[in-house]
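Colleague: Here is a sequence with its predicted model. Questions after.
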Amino acid sequence: MKLKKIKIAIDSPSAAGAGTISKMLAKKYNLLYCDTGKIYRFLAKKLMEKKPKNKIKYLKKISKKINLKKLKSKNLLTNEVAYVASQIAKDLRVRRMVLKFQRELAYNPPQKYKGSVLDGRDIISKVVTDANFKFYITANSRVRAKRRFLELKKLGKKVKFNEILKSIKKRDREDRTRKYSRLKKTKDSTLINTTNLSIKNSFLKVKKIIDRRLN
């Protein structure tokens, strides 16, 4: 398979390793990478700071100012921001605001890139439905909670494992039952369970599938 531009779409529940794997794929194949969950976190953080009366009007204004650089802030990684992000992500109006930005990244990455890799909750089912490679990455909730716990501890955050686990399970329920863009594995995506795999081995498993089709 010879492709002018590669499009990789990855869906996953939180802390399954999709973000790290996506970054490794971006580096390996010279792809533009975007963690689309960070977009909702960015909007959530702005809402928390501004507390506007008309949330949708404010988000519409702010959504036009999103760029990849702004999504790298470590201030977006708190549980409080994650919770607000999960709430606004339920709103179809907000998802429509974000969709245009996501598709622009996926379909029109800068010339220096050979394609794109996006990860989130509805990338395969809604955002890049014709992606060349589609993966659903998951792991059991305790393993994911441990990963998130260690990630936050490394950032100097004071966190408790049980609270992280409770938060992960709650987020899973919301992601899988919300009215719009539910997290689900599509029939045409490849399942990668990282519960018993290191990040390196998870990456190599995905890379092997991509290389087999490219070559």
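Modeller: Arrived safely. Small disclaimer: the values here were computed from a predicted structure and weren't measured.

Colleague: rest of the way, CA atoms for contacts and neighbours
Modeller: Will do.

Colleague: Touching the helix or strand bottoming out on mean pLDDT in the chain from outside, list them.
Modeller: Among the helices and strands of the chain, helix 79-88 carries the lowest confidence by mean pLDDT, DSSP states H and E, at a mean of 88. The contact list for helix 79-88, computed with Cα atoms under 8 Å, 6 or more residues apart in numbering, reads Y40, R41, L43, A44, K45, L76, V94, R171, E174, D175.

Colleague: just the buried members of those?
Modeller: In the contacts of helix 79-88, burial by neighbour count holds for Y40, R41, L43, A44, K45, L76, V94, R171, E174, D175, counting by 16 or more other Cα atoms under 10 Å.

Colleague: Show me which residues of the helix or strand where E163 lies are buried.
Modeller: Secondary structure here is read from DSSP states H and E; on that basis E163 sits in helix 161-177. In terms of neighbour count (16+ other Cα under 10 Å), helix 161-177 has its buried residues at I164, L165, I168, K169, R171, D172, E174, D175.

Colleague: Name the nearest residue to V143, sequence neighbours excluded.
Modeller: Distances taken as Cα to Cα, 6 or more residues apart in numbering put T195 closest to V143, at 6.4 Å, once the chain neighbours are dropped.

Colleague: one step back: what helices and strands are in contact with the helix holding E163?
Modeller: With contacts defined as 3 or more Cα pairs under 8 Å, 6 or more residues apart in numbering; DSSP states H and E, the packing partners of helix 161-177 are helix 79-88, helix 141-154.
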